[in-house]
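Chemist: Turn this into a structure:
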Amino acid sequence: MVSHVTDSIYYVGANDHEVDLFEGQYAVPQGIAYNSYVIVDDSIAVMDTIDQAKTQEWLASVEEVLDGAQPNYLVVQHMEPDHAASIEAFVKKYPSVTIIGNAKTFQMIGQFFPNMKLERTLAVQEGETLSLGSHTLTFVYAPMVHWPEVMMTYESSEKIFFSADGFGKFGALDVEEDWTEEARRYYIGIVGKYGKQVQNVLKKAAELEISMICPLHGPVLKENLGYYLNLYDIWSSYRPEEKGICVCYTSIYGHTKAAVELLCRKLDEAGISEVVCYDLARCDMSRAVADAFRYDKLVLATTTYNGGIFPFMTSYLENLRERKYQNRTIALIENGSWTPRAISVMKAAFEKSREITFAENCITIHSAMNETVKEQIEKLAHELAHRK
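Modeler: Modelled structure (predicted):
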């Protein structure tokens, strides 16, 4: 697929609607876009390759843009296979090309392509520049966003920031959908652990005059860039994006579910309009994780199970812990017919988390709700509605 980004920069990526799970775990019902770009100048630079599923389509698009010319450079910003799997095919087709990367890039190229011999390479350092003619590239290191070799590239003449996986989203480019929802799920799931590193990149970006962001997934961002930069600042500093409540539960025979449904009704009666609820055994886990980071309050409700907690809740808590969940209020509900201990297990999961406040009203259900539990749920709803 070929389109103009500017008069001299072309998009040559591809949409993938065949993939069902991105990175083997994230459901992508609207597919995914693998982005690549070509800068046409006195010297021609191709910015990244794409996933092997679309190698031939991508090569055809590059050939169309080149129109018989030979590319001078292939800039490899990220070695994850959805962006780097086509390097060998590209080098075979254009053997005179110079591969640009950093020391860690070339180490990984050797790992992924042990039989490929590179004749021309250029290892660049942080802040180093490369003139293509009227375009000048400046290389910006972005280690652990979200691999150690990642770098981004700033083109100064047209003020374009090639942001690798930064500012990407799930979803192919031939579907209409809200950017924020799928960008949040993408960021929290894939990059969320590396907030400090993203903050470092945002500081570097703040020193650049940027008119356009070209990510490796999702659309080119051309307008209202402050909105996207602000969201990345919020997400990477682990601040709540909105006031609201994310309710996540597991239920075996429906009693815990009934308690959660009552709580949601009471929250609605208390005037809380932003409430989302997830059955962790049936939902898309990545959405439940993303919404826990979106809102400032989280309710966890689960059964005691085999002396611990229900497996789906265990998995959910691990997802939050791995992504450094913090700066939130958490309310806890447990159910147990003889020795309920889910609350203590869930609390322990956040022992090393920063700035977690637990709601005063913790609720224990012995098998099924009774009038006392219903009263406690109403108190919890009132507390959550009035807690800042």
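
Chemist: what's the pLDDT at the closest residue to residue 136 other than its chain neighbours?
Modeler: Among residues not flanking residue 136 along the chain, residue 156 sits closest, at 4.9 Å (C-beta to C-beta, 6 or more residues apart in numbering). Heads up, the C-betas are built off the backbone N, CA and C, glycines and all. In this model, residue 156 is scored at 98, pLDDT.

Chemist: any idea how far residue 337 is from residue 156?
Modeler: Using C-beta to C-beta, to the nearest Å, residue 156 is found at 67 Å from residue 337.

Chemist: repeat for residue 193
Modeler: Residue 193 sits 37 Å away from residue 337 when distances are taken as C-beta to C-beta.

Chemist: swap in residue 116?
Modeler: Taking C-beta to C-beta, one finds residue 116 at 61 Å from residue 337.

Chemist: Please confirm that residue 140 is located within a strand.
Modeler: Yes: counting by DSSP: H, G, I helix; E, B strand; the rest coil, one finds residue 140 located in a strand.

Chemist: Does it touch residue 203 like I think?
Modeler: No: counting by C-beta atoms under 8 Å, residue 140 does not reach residue 203; the two are 10.8 Å apart.

Chemist: more neighbours, these two?
Modeler: The neighbour comparison of residue 140 against residue 203 (other C-beta atoms under 10 Å) goes to residue 140, with 23 against 9.

Chemist: Skipping adjacent residues, who's closest to that one in space?
Modeler: Residue 140 sits nearest to residue 152 (C-beta to C-beta, 6+ apart), 4.5 Å away.

Chemist: and the one you found, what element?
Modeler: strand 151-155 (DSSP states H and E).

Chemist: in this structure, which helix or strand is least confident?
Modeler: Ranked by mean pLDDT, DSSP states H and E, the weakest helix or strand in the chain is strand 308-309, scoring a mean of 93.

Chemist: contacting residues for the residue nearest to residue 136?
Modeler: By C-beta atoms under 8 Å, 6 or more residues apart in numbering, the contact list for residue 156 reads 135-136, 138.

Chemist: and the helix or strand hosting residue 377, which residues are buried?
Modeler: Assessed by DSSP H and E, residue 377 sits inside helix 371-386. By neighbour count with 16 or more other C-beta atoms under 10 Å, helix 371-386 contains the buried residues 373, 376-378, 380-381, 384-385.

Chemist: all helices for the stretch 101-250 of the chain, in order.
Modeler: 103-112, 179-186, 195-206, 225-236 (DSSP state H, counting those that start in this stretch).

Chemist: Mean neighbour count, these: which tops it?
Modeler: Among the helices of the stretch 101-250 of the chain, helix 179-186 has the highest mean neighbour count (mean count of other C-beta atoms under 10 Å), at a mean of 21.

Chemist: quick one: it to chain centroid distance?
Modeler: Put simply, helix 179-186 sits 7 Å off its chain's centre (C-alpha atoms, centre = their mean, to the nearest Å).

Chemist: and if you look at stretch 269-287?
Modeler: 20 Å.

Chemist: which other residues reach it?
Modeler: 25-27, 185, 188-189, 242-251, 257, 260, 264, 267-268, 288, 291, 295, 310, 312-313, 315-316, 319, 381-382, 384-385.

Chemist: quick one: the strands in the stretch 201-350 of the chain?
Modeler: 212-214, 242-249, 275-279, 295-305, 308-309, 328-335 (DSSP state E, counting those that start in this stretch).
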